[in-house]
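Trainee: based on what follows, work out the 3D shape:
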Amino acid sequence: MKNLLSLFATLLLATSLSAKEIVLSTVTSDIDSDIIKIVVDVDQHNELISLYSDTYKNNIFYQRRAYKFDDIAGGFVIYHASNRDVVTLSSDDFATYAGGRITMTYLYSGLSNEYRSTRFDIVQDENTWYITDTNNRAITSFYFKAKKIWGKLVGIKTIDYRY
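Mentor: Sure, this is the predicted structure:
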């Protein structure tokens, strides 16, 4: 019985020390019906381990893409289409134990190769992580509005925050 209790305690401890996933936000658009969830893994000390984007097509899980926090200083592409980097994330002050300011750069016009950007913060609070705007309001989702010319998609007109 003593060995069984010891095994149970060990399993319980191992489970509590394992990583947990937190959905930071969702991304939708008027471009298509895909839903993307921005997900992070945290360790037992609530430090960020991994960043993912989970894509759902017709409300069915389709794909998970992984990104390395080590690459965020130089920026990494989270959406690429028609041989162009459409959306990239970068940061000059990001730390996996504290978060930081993120710059999201997006293709405004593929015709003129014009890019624009918006900023938000990934922050830690007690046992969770979340995204805030520059006024510290929690962002639950992003909405990408299409930029079209003569009915043809040429870029992203705006990225709206949903609270």
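Trainee: residue closest to the middle of this protein?
Mentor: The centroid of the chain falls nearest to Ile38 when counting by C-alpha atoms, centre = their mean (3.4 Å).
Trainee: that one reaches Thr28, doesn't it?
Mentor: No - in this structure, Ile38 is not within contact of Thr28 by C-beta atoms under 8 Å, at 11.9 Å. All C-beta spots, glycine's among them, are computed from the backbone N, C-alpha and C.
Trainee: and the residue nearest to the centre of the chain, what is it in contact with?
Mentor: Going by C-beta atoms under 8 Å, 6 or more residues apart in numbering, Ile38 touches Val23, Leu24, Ser25, Thr26, Val27, Leu51, Tyr52, Ser53, Ile131.
Trainee: ok, of the residues you listed, which come out buried?
Mentor: Leu24, Ser25, Thr26, Val27, Leu51, Tyr52, Ser53, Ile131 (16 or more other C-beta atoms under 10 Å).
Trainee: helix or strand: which one has the last one?
Mentor: It stands for Ile131. strand 128-132 (DSSP states H and E).
Trainee: do the same with the second one
Mentor: When secondary structure is defined by DSSP H and E, Ser25 falls within strand 20-29.
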